[in-house]
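Enquirer: give me the fold of what follows.
(one chain, ligands or ions: 1)
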Amino acid sequence: MGSDRIPESRRRRVRRRAPLVPTECVHPACCQPIWDVDPHTYLCRMHALFAWSGVQAAIKSARIPDPTTVSPTGGWIYYLRVADQIKVGYASHLGDRMKAYPPNAELLACHPGTRKDEQEIHSLLSAHRVAGREWYRPHPEVVDRIEAARAKHGAPIDPFLQRRSA
Ligand SMILES: [Zn+2]
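Expert: Sure thing, here's the model as predicted:
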């Protein structure tokens with residue numbers, strides 16, 4: 001590795017000299033002043049607006065499921081991670097159900113589904129079950145299923161974001 005040849009003392013000096021917080025837009029080759037709308041976003045007004053329109057387009061095309069909306073099947077299948085275990089569950093109101101989990105939980109995927117769908121998934125994944133009926137270890141078969149759900153339905157809006165930052 002090239003960086004291994006730089007003595008540790010010199011690397012420390014270089015790191016110390018770099019400003020802790022950017023004072024200009026971090027977009028490549030832009031040095032406009034930062035638009036002061038968010039204390040941790042270091043973009044000028046123009047590049048912030050570019051980023052915003054990109055995010056809006058991504059949300060639109062990904063059809064990100066909003067867990068606060070009503071499911072067309074009457075319920076939701078959800079995949080949730082707490083530490084190194086994954087829960088696969090069914091909820092008629094996903095927003096309410098998420099309140100039962102700690103703020104370090106992560107909603108990995110969700111999509112409209114029924115209790116019958118949930119039972120099918122549980123029997124397919126039964127070899128990877130850990131303590132409790134609906135908890136699984138992150139075996140590749142479990143992870144693949146979640147990836148497929150995210151590819152088909154989009155990444156869900158994080159219902160824990162507000163509680164984590166509160
Ligand atoms: Zn800029």
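
Enquirer: quick check: next helix or strand after the longest helix along the chain?
Expert: What stands out as the longest helix in the chain, according to DSSP state H, is helix 45-62. Once helix 45-62 ends, the next helix or strand along the chain (criterion: DSSP states H and E) is strand 76-82.

Enquirer: who are the packing partners of that following strand?
Expert: Counting contacts by 3 or more Cβ pairs under 8 Å, 6 or more residues apart in numbering; DSSP states H and E, strand 76-82 is packed against strand 85-91, helix 94-98, strand 106-112, helix 115-124, helix 140-153. Bear in mind the C-beta positions are built from the backbone N, C-alpha and C, glycine included.

Enquirer: rewinding a little: quick one: average confidence on the longest helix of the chain?
Expert: For helix 45-62, mean pLDDT is 81.

Enquirer: next one: stretch 139-158
Expert: Mean predicted confidence for stretch 139-158 is 90.

Enquirer: how about the CA coordinates for that stretch, as PDB?
Expert: Backbone C-alpha positions of stretch 139-158 (Å, rounded to 0.1, in the frame of the first residue of the first chain) are rendered in PDB as follows:
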ATOM      1  CA  HIS A 139     -28.000 -16.100   6.700                       C
ATOM      2  CA  PRO A 140     -27.500 -15.400   3.000                       C
ATOM      3  CA  GLU A 141     -30.900 -16.800   2.200                       C
ATOM      4  CA  VAL A 142     -32.500 -14.300   4.700                       C
ATOM      5  CA  VAL A 143     -30.400 -11.400   3.300                       C
ATOM      6  CA  ASP A 144     -31.200 -12.400  -0.300                       C
ATOM      7  CA  ARG A 145     -34.900 -12.300   0.500                       C
ATOM      8  CA  ILE A 146     -34.600  -8.800   1.900                       C
ATOM      9  CA  GLU A 147     -32.500  -7.600  -1.000                       C
ATOM     10  CA  ALA A 148     -35.100  -8.900  -3.400                       C
ATOM     11  CA  ALA A 149     -37.900  -7.100  -1.400                       C
ATOM     12  CA  ARG A 150     -35.900  -3.800  -1.500                       C
ATOM     13  CA  ALA A 151     -35.200  -4.200  -5.300                       C
ATOM     14  CA  LYS A 152     -38.900  -4.800  -6.000                       C
ATOM     15  CA  HIS A 153     -40.500  -2.300  -3.500                       C
ATOM     16  CA  GLY A 154     -37.700   0.200  -2.800                       C
ATOM     17  CA  ALA A 155     -36.000   1.000   0.400                       C
ATOM     18  CA  PRO A 156     -38.400   1.900   3.200                       C
ATOM     19  CA  ILE A 157     -38.500   5.300   4.800                       C
ATOM     20  CA  ASP A 158     -36.700   4.900   8.200                       C
END
